[in-house]
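J.: Okay, sequence plus prediction incoming.
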Amino acid sequence: MRRPLHNAPQPEHPEHPVVTALGNPEGCVSGILEWLGQLGIDVSPFEADHICFRCATTSEYRSVCALLDKHGLLLIESMIGGRPISTYLLKQALTCNGLTIRCVEVPCPKPGRPYSSGWEHIEFVIGSEAHSVHDRDPLKEFADRHPAVPWDLRAMEKACNPDISIKVGEGSSCKFHLRPLDEVIKHEREAGLIDPVPDNFWDGASK
């Protein structure tokens, strides 16, 4: 079973309702930042676009989404990889380890692919307004500047919002893409690229 990086026991901002309900992401984020530092990757110039919260069960997914409905704006819930994934823009951004994180991504678990609950990965925006959601050359240039890093380049071939990633520790990862996720979602909506969740999906969903 893949496990997210351990969450630190003491929240940096206990007043944030998402932190209070889901736990502190500080342990996950600090572990990723430490790993990146060891690889010689400085992310201080980049926006921490979003953080992912993994759910162990379908019922937990729906519960977490209900929580985030109260504290954020649902940007999208769509089918990706055969299961729903929701993305929320928080009313109050998470601040953690010097980063400001505006969005939370919540994947519904895949059948037969168990995960423990918890904060799992973070993604950074390394592009500028000059780049589009289709560009990939700057990603290759970024990877080439760090030749010793064991990059996963498979997602760089995506037609929309390509990315490159690094496996971090056991069961976590860090991804880099060119435009913020809310901008990517807006483009996907306008281009008709959204795969909506079927009306009867939850009828046969396991708990």
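T.: Yes, it's here. Numbering: from 1, shown residues only.
J.: So which residues of the protein form strands?
T.: Listed in chain order, the strands of the chain (DSSP state E) span residues 47-54, 72-80, 83-96, 99-107, 118-125, 163-168, 172-177.
J.: Who are the packing partners of the second one?
T.: Same thing as strand 72-80. Secondary-structure packing of strand 72-80 (3 or more CB pairs under 8 Å, 6 or more residues apart in numbering; DSSP states H and E): helix 58-71, strand 83-96, strand 99-107, helix 181-190. In this view, the C-beta of every residue, glycine as well, is placed from N, C-alpha and C.
J.: mind checking which of the strands of the chain is nearest residue 139?
T.: Taking CB to CB as the criterion, strand 163-168 is the member of these that comes nearest to residue 139, at 5.1 Å.
J.: buried residues in the closest one?
T.: In terms of neighbour count (16 or more other CB atoms under 10 Å), strand 163-168 has its buried residues at 163, 164, 165, 166, 168.
J.: So for that strand, mean pLDDT?
T.: On average, the pLDDT along strand 163-168 is 93.
J.: quick one, it and strand 118-125 angle?
T.: Using axes from the mean of the first three to the mean of the last three CA atoms, to 10 degrees, one finds that strand 163-168 and strand 118-125 are set 140 degrees apart in direction.
J.: Just the C-alphas of strand 163-168, formatted as PDB.
T.: In PDB, the C-alpha atoms belonging to strand 163-168 read as follows (Å, rounded to 0.1, in the frame of the first residue of the first chain):
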ATOM      1  CA  ASP A 163       3.900  18.100 -16.400                       C
ATOM      2  CA  ILE A 164       7.000  16.500 -15.100                       C
ATOM      3  CA  SER A 165       7.300  14.900 -11.800                       C
ATOM      4  CA  ILE A 166       9.600  13.400  -9.200                       C
ATOM      5  CA  LYS A 167       8.800  10.500  -6.800                       C
ATOM      6  CA  VAL A 168       9.400  11.700  -3.200                       C
END
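J.: Other residues contacting it?
T.: Outside strand 163-168, the residues within contact range by CB atoms under 8 Å, 6 or more residues apart in numbering are 5, 31-32, 35-36, 39, 121, 123, 139, 142-143, 149-153, 155-156, 173-177.
J.: out of the strands of the chain, nearest to residue 25?
T.: Nearest to residue 25 among these is strand 118-125 (4.2 Å), distances taken as CB to CB.
J.: Need the residues that contact the closest one.
T.: Contacts of strand 118-125 from elsewhere in the structure, counted by CB under 8 Å, 6+ apart, are 3-7, 22-23, 25, 27-29, 32, 43, 46-54, 99, 101, 163, 168, 171-181.
J.: sorry, back to before: in TSV, list the helices and strands packed on strand 72-80 along with distance to residue 200.
T.: As requested, the helices and strands packed on strand 72-80 are arranged in TSV below (distance: least, CB to CB, whole Å):
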stretch	distance to residue 200
helix 58-71	14
strand 83-96	13
strand 99-107	20
helix 181-190	23
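J.: give me the number of residues near residue 120?
T.: 24 (other CB atoms under 10 Å).
J.: ok, now which ones touch the residue lying closest to residue 89 once chain neighbours are set aside?
T.: Nearest residue to residue 89, sequence neighbours excluded (CB to CB, 6 or more residues apart in numbering): residue 73, at 4.6 Å. Residues in contact with residue 73, defined by CB under 8 Å, 6+ apart, are 88, 89, 91.
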